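Colleague: Take this sequence and fold it.
(one chain, ligands or ions: 1)
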Amino acid sequence: MSIRIIGTGSYVPEKILTNDDLSELVDTSDEWITQRVGVKQRHVSVNETTADLAVKAAQRAVEAAGITADELDLIVTATVSADSLCPSTAALVQAAIGAKCPAFDVSSACSGFLFALDTAAAFVARGGIRHALVIGAERLSRIVNWTDRSTCVIFGDGAGAAVVAPGDNYLVSHLFTQGNDDVISIPAGPGNSPFYEREEPARQINMKGQETFKFAVRRIADDIRLVTAKAGITPEQLKYIVPHQANSRIIDLAARKLGVPMEKFRLNIDRYGNTSSASVAISLDELVRSGELQPGDLIALCAFGGGLSSAACVIRW
Ligand code: UT7
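Modeller: Next comes the predicted model:
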């Protein structure tokens with residue numbers, strides 16, 4: 001028993017931060033960010049929490065699925081910018097939307113939505129789940145180092161969600177972890193212990209850009225090759241690839257490595273920046289709502305990021 005996606009939703013906060021706005025905060029320019037990253041603007045929260053963003057995306061996905069929240073049997077949320085370690089973001093969503101099912105978070109940075117989707121698929125395969133809600137939600141503006149121009153220009157806030165039900169559309173998935181705290185890290189923040197003697201760094205995103213870049217290009221190409229081969233198809237047979245939106249140059253290089261046209265890749269990084277675990281979910285929602293998907297179309301989702309981690313899957317629409 002596999003899954004099918006029966007509804008998607010997404011939400012971004014209203015406030016838009018343009019590249020010109022950012023150039024007033026750090027030494028950067030619209031030209032540099034556009035050329036090196038592909039971002040023109042990102043949305044940032046002024047008064048909404050990560051859970052607030054997740055709730056709005058979740059409500060839209062539940063509505064699109066044509067069900068009510070009490071028909072959900074599981075909620076899994078991916079986030080690295082939760083408002084609290086406890087309760088989980090998923091638990092806060094459960095309360096806010098009026099669901100009664102078990103709810104928990106997974107942490108796998110920018111690959112998080114795909115790890116959460118695969119977790120939901122495994123629960124569905126176990127049996128007893130009519131509908132599961134999978135969310136990727138981030139208020140990265142909370143943990144960005146706003147004095148570091150090499151990271152603060154990349155990220156944005158947002159949330160995306162999907163409701164899944166038993167079905168046979170989730171053909172193949174692949175999850176990858178290469179444990180490492182040197183390339184991308186978000187420390188938990190200073191602790192309270194009067195006994196611990198080592199210094200504990202601030203809770204903020206640290207990233208070695210070029211190492212991450214190389215890892216990302218390699219993983220997209222390897223993961224897409226792997227899941228398409230397992231599905232018995234070629235990458236050319238995919239109608240669309242929905243990638244994590246981290247840098248348009250990463251997508252461009254991965255497309256060349258794979259030998260598929262860039263047009264297959266759905267890009268919205270110019271409008272949202274990198275929203276970590278929300279990014280694939282937001283793009284998927286935009287694709288679904290665009291009406292461009294026909295039943296039977298083959299698509300792939302792929303993501304990469306902290307962990308280090310990466311993931312991909314093939315879905316028959
Ligand atoms: O979602 C999680 C996964 N994250 C990613 O996949 C991110 C992957 N990495 C990247 O997207 C890119 O590495 C960055 C966008 C982070 C950085 O781009 P880059 O082309 O790798 O730049 P760089 O770090 O090699 O820096 C090149 C130059 C440096 O100046 P010098 O030393 O050559 O004079 C930087 O100081 O660009 C400078 N620079 C900037 N200049 C203007 C770095 N950031 C900026 C900036 N504005 N915002």
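Colleague: Okay, domains of the chain per the record?
Modeller: As assigned by automatic domain parsing, the chain contains the domains 2-169, 172-316.
Colleague: hmm, the longest one touching the ligand?
Modeller: Think domain 2-169. Yes: Domain 2-169 is in contact with the ligand by Cβ under 6 Å from any ligand atom, via 28, 32-33, 36-37, 110, 149-150, 153-154. Just so you know, the C-beta spots here come from the backbone N, C-alpha and C atoms, and that holds for glycine as well.
Colleague: and those residues as CSV, adding neighbour count?
Modeller: Below are the residues of domain 2-169 next to the ligand laid out as CSV (neighbours: other Cβ atoms under 10 Å):
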residue, neighbour count
28, 18
32, 14
33, 23
36, 16
37, 21
110, 32
149, 17
150, 14
153, 24
154, 24
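Colleague: List the residues that contact the residue of the chain found nearest the ligand.
Modeller: Distances between the chain and the ligand by Cβ to the nearest ligand atom are smallest at residue 209, namely 2.7 Å. Applying Cβ atoms under 8 Å, 6 or more residues apart in numbering to residue 209 gives the contacts 150-151.
Colleague: one step back: rebuild the domains of the chain as TSV, extending it with mean pLDDT.
Modeller: Shown next, in TSV, are these (pLDDT from 0 to 100):
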stretch	mean pLDDT
domain 2-169	98
domain 172-316	97
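Colleague: out of those, deepest packed?
Modeller: Mean neighbour count (mean count of other Cβ atoms under 10 Å) peaks for domain 2-169 among the domains of the chain, with a mean of 21.
Colleague: what's the first-to-last distance across that one?
Modeller: This stretch, domain 2-169, spans 7 Å end to end (Cα to Cα, to the nearest Å).
Colleague: Now residue 6. Nearest residue, chain neighbours left out?
Modeller: In this structure, residue 6 finds its nearest non-sequential neighbour in residue 65, 4.5 Å apart by Cβ to Cβ, 6 or more residues apart in numbering.
Colleague: ok so, going back, and the residue of the chain closest to the ligand, how far from residue 98?
Modeller: Residue 209 sits at a distance of 42 Å from residue 98 (criterion: Cβ to Cβ, to the nearest Å).
Colleague: cool, and residue 220?
Modeller: With Cβ to Cβ as the criterion, residue 220 and residue 98 are 38 Å apart.
Colleague: OK, contacts around the closest residue to residue 128 other than its chain neighbours?
Modeller: Excluding the flanking residues, the one nearest residue 128 by Cβ to Cβ, 6+ apart is residue 73, at 7.0 Å. By Cβ under 8 Å, 6+ apart, the contact list for residue 73 reads 101-102, 128-132.
Colleague: swap the cut-off to 7 Å and go again
Modeller: Counting by Cβ atoms under 7 Å, 6 or more residues apart in numbering, residue 73 makes contact with 101, 129-132.
Colleague: Next, give phi and psi for the closest residue to residue 203 other than its chain neighbours.
Modeller: Sequence neighbours aside, residue 189 is the residue nearest to residue 203 in space, at 3.5 Å (criterion: Cβ to Cβ, 6+ apart). Backbone torsions of residue 189, given as degrees, to the nearest 10, read phi 110, psi 160.
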